[in-house]
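# sharing a model prediction with you, sequence too.
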Amino acid sequence: MMSGSIPLAVCYGLLAIFVVAFLIRSLKIARLPLHLRWELAPVPKEKGRGRYGGSYLEEFEWWKKPREESLVAEVAYMLEEIVFLKALWAHNRRLWWFSYPFHIGLYLLVLAAFGGVLASGMAAVGVAGLGWGILPKWIVWVAGVGYVLTALGALGLLASRLADPKLRLITTPVALFNLVLVLAVAVTGALAVTTVPGSAVDAVAFGRALLTAGPVPHMAGVLTAHLILAMAFLAYLPFSQMMHFVAKYFTYHQVRWDDRPLERGGAMEREMQKLLQQPVTWAAEHVHADGRKNWVDIATEEVPR
């Protein structure tokens with residue numbers, strides 16, 4: 001057993017890094033410039049047309065008619081992708097068999113983490129009955145299944161990236177490190193759940209210590225290692241490609257599904273005019289960029305034959 005083995009200052013520091021970096025990265029993604037506008041179908045929010053890739057542009061004199069959108073169709077499409085990884089199933093089914101348990105395991109771990117925070121908060125304000133009773137038992141089962149699925153998925157993805165020549169060509173050392181880190185978190189968590197009696201109660205007590213700046217409880221070494229890895233993983237996450245779960249929202253809503261018409265004098269036109277005034281520094285010879293010409297200059301200048 002280890003007493004006070006996880007200094008609260010270290011945990012607060014790692015959590016602070018996560019919160020600040022996550023907010024900064026998310027804001028940067030949200031404030032990226034207007035994307036290159038393409039006609040990418042289907043757009044699920046198109047009421048009555050999304051299922052076959054239709055558009056409001058099919059309507060005669062569409063600009064005179066109100067646009068009809070379906071929030072239900074949009075949410076249904078998103079749930080299919082989030083819960084079932086529909087696009088991966090359709091385009092890379094071999095990888096889906098490992099990626100699916102990996103993602104479902106992570107979803108369960110997030111759910112267990114929310115349960116742990118709730119139980120810790122209840123314990124911190126003195127609601128000990130429910131906080132130390134029902135919730136920890138529920139957390140053990142959810143987290144246990146989550147750890148196993150995540151570990152199996154991570155192992156499968158690692159093996160696929162190392163064994164498949166095509167995947168190996170596009171696999172970076174950082175991608176392998178990410179999978180190994182997640183695997184380490186999952187394995188230590190699974191060991192803590194299966195070998196440490198009352199591991200969830202200890203984890204809730206640790207959460208209460210974080211919330212109240214109180215003393216850290218006595219914990220087994222494997223649970224201590226798991227909590228350290230989990231905190232380190234959170235601090236690392238905003239700096240990694242795993243932030244794709246935030247970027248994906250904007251990829252769909254501001255790139256794939258952004259089919260708003262360009263209106264004269266509107267916000268989109270003002271943003272595009274601003275972007276067109278940016279100087280171009282591309283090195284490609286055919287662009288004739290010198291760092292002073294903007295996009296309008298380059299697009300309208302006559303190129304000598």
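Received it, and whenever you're ready, just let me know what you need.
# any idea of the mean pLDDT for stretch 81-92?
For stretch 81-92, mean pLDDT rounds to 93.
# which parts of that stretch are buried?
85, 88, 89 (16 or more other C-beta atoms under 10 Å). All C-beta atoms are positioned from the backbone trio N, CA, C, and that covers glycine.
# what's the answer for stretch 175-185, then?
175, 178, 179, 181, 182, 183, 184, 185.
# hmm, back to that, quick check, nearest of the buried residues of stretch 81-92 to residue 193?
Using C-beta to C-beta, residue 85 is the member of the buried residues of stretch 81-92 that lies nearest residue 193, at 25.6 Å.
# just the element for the closest residue to the closest one other than its chain neighbours, please.
The spatially closest residue to residue 85, leaving aside those adjacent along the chain, is residue 100, at 5.5 Å (C-beta to C-beta, 6 or more residues apart in numbering). Per DSSP states H and E, residue 100 falls inside helix 93-124.
# who's in contact with the residue nearest to residue 85?
Residues near residue 100 by C-beta atoms under 8 Å, 6 or more residues apart in numbering: 84, 85, 88, 153.
# could you rerun that using 10 Å?
83, 84, 85, 88, 89, 149, 153, 156 (C-beta atoms under 10 Å, 6 or more residues apart in numbering).
# now distance to residue 108 too, for these, in JSON lines please.
Below are the contacts of residue 100 laid out as JSON lines (distance: C-beta to C-beta, whole Å):
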{"residue": "83", "distance to residue 108": "12"}
{"residue": "84", "distance to residue 108": "15"}
{"residue": "85", "distance to residue 108": "15"}
{"residue": "88", "distance to residue 108": "19"}
{"residue": "89", "distance to residue 108": "20"}
{"residue": "149", "distance to residue 108": "7"}
{"residue": "153", "distance to residue 108": "12"}
{"residue": "156", "distance to residue 108": "17"}
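# for residue 49, state which of those residues is nearest.
Using C-beta to C-beta, those come closest to residue 49 at residue 84, 23.0 Å.
# so what's the closest one closest to, chain neighbours aside?
Residue 84 sits nearest to residue 100 (C-beta to C-beta, 6+ apart), 7.7 Å away.
# try residue 283
Nearest to residue 283 is residue 289, by C-beta to C-beta, 6+ apart, at 7.7 Å.
# quick check: residue 21 touching residue 246?
No - using C-beta atoms under 10 Å, residue 21 makes no contact with residue 246, being 11.7 Å away.
# common neighbours of those two, please.
residue 238.
# quick revisit: wasn't the residue nearest to residue 283 part of a strand?
No - secondary structure assignment (DSSP: H, G, I helix; E, B strand; the rest coil) places residue 289 in coil, not in a strand.
# which ones are touching it?
So residue 289 contacts 279, 280, 281, 282, 283, 295, 297, 298 (C-beta under 10 Å, 6+ apart).
# ditto for residue 185
109, 147, 150-151, 154, 225-234.
# and it, how far from residue 192?
Residue 185 is 11 Å from residue 192, where distance means C-beta to C-beta, to the nearest Å.
# which of the three states applies to the residue minimising distance to the centre of the chain?
The centre of the chain sits closest to residue 245, judged by C-alpha atoms, centre = their mean, with a distance of 2.0 Å. Put simply, residue 245 is helix when judged by three-state DSSP.
# okay but it is in contact with residue 22, surely?
No - contact between residue 245 and residue 22 fails when scored by C-beta under 10 Å: they sit 11.0 Å apart.
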